[in-house]
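Enquirer: whatever this is, show me its structure:
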Amino acid sequence: MARQDLSRGWTVLWVTAATLLGGAFRFYGLAWGAPYFHFHMDEHLVFQDAYLLARDPHEAAMSAKFFMYSPGPSYLLNLVVRIYEAVAHPLNLTVPRDEVTYMVLGRAISATLGTATIPLTYLVARRVSGRLAGVLAAFLLACAVIHLRDSHFFALDVSMTFCTVITWLCLERTVERGTFGATTASGIGLGLGLLCKYSAAFLAPLIGLAELLSPNGPRAVLPARPWIRAGVRAAAAVALGVALFLVLNPLVVMYFDKFRSDIKDWVIDPLSGTSKPFWIGQFADVNGVTYWFTNLLWWGLGPALEIWALAGIVWLLARRDRLAFLAAAFPIAYWLSAGRTATVAPFIRYTVPLVPPLAVAAAALSADLLRHPRWKLPATIATAIVVGTTALYAVAYMNVFRQPDSRLLASRWLLQNVPPNAKILVEPSQNTPPMGSYLTAVDFNASYVMFYPQTEKHDYYWLYPLDTYRSLYNRGVDDAFRRNYIQSRLALVDWIVMDETYLETYRHLPESEHGVVKQYYRDLFAGRLGFQLVQTFKTYPSLFGHAINDDDAEWSFRLFDHPGVYIFRRQ
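Expert: As a prediction, the model looks like this:
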């Protein structure tokens, strides 16, 4: 079919505009929340891994949870830090100004790779459905909320997504030409993806699919030779990717037992349901399969883009051409491999790698329908709604980064309204508002979460933890112990400072096992425990003064950048 498409000149302008818009969304407010590394628990661990790798790889490998994360982003950060220190000055991570610099350098890597993914997605979509589809895909990715949000943090998902889109480009070349160079490049892309995050393994079956769809692939059941050739080439590309991963990450081989232990304890067991750590408690009452569509994509992309993108996948399958089939298979392969393993713990950040392929699917559907006179008007209306609402949602979400961090607002309020040496009950959470030296002289290497067995701490205030993480979650204690423990901790204090972390998690846990703690929260907010709620700090995405209440979104959607904070005072 002859395509009526955008001219090359207009295409360059539109893709440049989309990239600049996406970059503005991603780079705005990178220092937001700095230098408090601990607010985003995963980001803090990745920063810590990078710091340890630069200092002593053995110490890094033997640290807790080290192999839970791939080291690619940490390698990049250490390289960037070396360049910065060569032209500026050595960073001292006990000095707040340098800590802010360190955080921004790490986050800038995510923002840069997130922005660079936009023109790459254009290139992918252009091959699938022409320049118009490429431009639409670029704008949709530029404004996709979950992608721009995670580009603000030094975590793994955005970096891995960048590598997967590069690999996708190589796979398209394989489908089009079937060259050895394209196959080799796809293997390299797989290796780099694994170096950023292990879940990039979903690329392996796509490499095999691309070889089957290539000009050299089989066109019938017999003869067997094309099938064998495709299998050998795909296996060689996957082997190359694994070898590259091991060469660039030799600690896996050097400390294989520790690697295997970390993967089992922190990845396989929790995501398979073998273990039930507290941090997946929020998913106790959700259907992990349908939750992807009713919550994760709904809030991560917005309803219009989700619906149009899913329709786009069906459309691509119905087109029955090889590049369209590969484009449809890309999100399906990710969801079946990486996504389905996370049905036990479907955190919203797991949707980040889905954003480029869903943007491509939505853009291809729009571009193809716009070329048909019969469908041009409804396609124009639908495309305008999808692009417009996605862009408005992005603008609304940026309110989170325009406003001061709710945890820091709470810290300032406490300084102004709560006298020194006051007795405050806190929960062992990374989102507890900084107090004392944590607020005034934060140390990158210090731990500020009051985990068991720590029972008190004097640092400007007297802080007493309510151990909702272990003592109350522990299935080995009875309800009488839980009630007595809560009452004994409440008797010590005149103030309670808490965030949504445990409140939200216990809300989803079964009443039969955790009824005492659930009732504690109900009684606390109802004023039945002798404490009154005196201040709440909460930020929402907002557009033209109208807040978008995202309290029903998956808990970590707001946990890292706009959690609620509550302050109670004894009546």
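
Enquirer: mind listing the strands for the stretch 301-450 of the chain?
Expert: Secondary structure of the stretch 301-450 of the chain (DSSP state E, counting those that start in this stretch): strands located at 423-426.

Enquirer: and for the chain?
Expert: Applying DSSP state E to the chain gives strands spanning 423-426, 457-459, 461-465, 495-499, 531-537, 542-543, 546-547, 565-570.

Enquirer: tell me which of those is the most buried.
Expert: strand 495-499 (a mean of 23; mean count of other Cβ atoms under 10 Å). Glycine gets a C-beta too; all of them are placed from N, C-alpha and C.

Enquirer: determine which residue lies closest to the centroid of this structure.
Expert: Residue closest to the average C-alpha location in the chain (Cα atoms, centre = their mean): residue 349, at 2.8 Å.

Enquirer: so where's this protein shaky on pLDDT?
Expert: Applying pLDDT under 70 to the chain flags residues 1-4, 339-342.

Enquirer: ok, now with 50
Expert: Scanning the chain with the threshold set as pLDDT under 50 gives 1-2.

Enquirer: pull the longest helix from it.
Expert: Longest helix in the chain, counting residues (DSSP state H): helix 96-129.

Enquirer: list the buried residues for stretch 357-373?
Expert: Buried residues in stretch 357-373, counted by 16 or more other Cβ atoms under 10 Å: 357-371.

Enquirer: export only the CA atoms of it, formatted as CSV.
Expert: Written as CSV, here are the backbone C-alpha positions of stretch 357-373 (Å, rounded to 0.1, in the frame of the first residue of the first chain):
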residue,chain,number,x,y,z
PRO,A,357,6.4,-1.0,22.5
LEU,A,358,3.0,0.2,23.7
ALA,A,359,3.7,3.7,22.3
VAL,A,360,4.7,2.1,19.0
ALA,A,361,1.6,0.0,18.9
ALA,A,362,-0.7,3.0,19.6
ALA,A,363,1.2,5.1,17.0
ALA,A,364,1.0,2.4,14.3
LEU,A,365,-2.7,2.0,14.8
SER,A,366,-3.3,5.7,14.5
ALA,A,367,-1.0,6.1,11.5
ASP,A,368,-2.5,3.2,9.6
LEU,A,369,-6.1,4.3,10.2
LEU,A,370,-5.3,7.9,9.3
ARG,A,371,-4.3,6.7,5.8
HIS,A,372,-7.8,5.2,5.2
PRO,A,373,-10.3,7.8,4.0
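
Enquirer: list phi and psi for the closest residue to residue 407 other than its chain neighbours.
Expert: Nearest residue to residue 407, sequence neighbours excluded (Cβ to Cβ, 6 or more residues apart in numbering): residue 433, at 4.6 Å. When quoted as degrees, to the nearest 10, the phi and psi of residue 433 stand at phi -60, psi 130.

Enquirer: tell me which residues touch residue 433, please.
Expert: Neighbouring residues of residue 433 by Cβ atoms under 8 Å, 6 or more residues apart in numbering: 407, 408, 410, 411, 414, 439, 497, 499, 565.

Enquirer: now residue 190
Expert: Counting by Cβ under 8 Å, 6+ apart, residue 190 touches 167, 200, 203, 204, 207, 237, 238, 240, 241, 242, 244.

Enquirer: what's the first-to-last distance across stretch 489-502?
Expert: End-to-end distance for stretch 489-502: 16 Å, by Cα to Cα, to the nearest Å.

Enquirer: any idea how far it is from the chain center?
Expert: Here stretch 489-502 is found 29 Å from its chain centre; the criterion is Cα atoms, centre = their mean, to the nearest Å.

Enquirer: hang on, the earlier thing: which of the buried residues of stretch 357-373 fall in helices?
Expert: 357-370.

Enquirer: residues of stretch 26-40 that come out buried?
Expert: 26-27, 29-30, 32-40.

Enquirer: isn't residue 344 up against residue 268?
Expert: No - when contacts are counted by Cβ atoms under 8 Å, residue 344 is not listed as touching residue 268 (10.8 Å).

Enquirer: so which of those two has more stuff around it?
Expert: For residue 344 versus residue 268, the count of surrounding residues by other Cβ atoms under 10 Å is larger for residue 344: 18 against 14.

Enquirer: residues touching that one, list them.
Expert: 270, 271, 272, 273, 280, 283, 288.

Enquirer: over to residue 563?
Expert: The contact partners of residue 563, by Cβ under 8 Å, 6+ apart, come to 406, 407, 431, 499, 500, 501.
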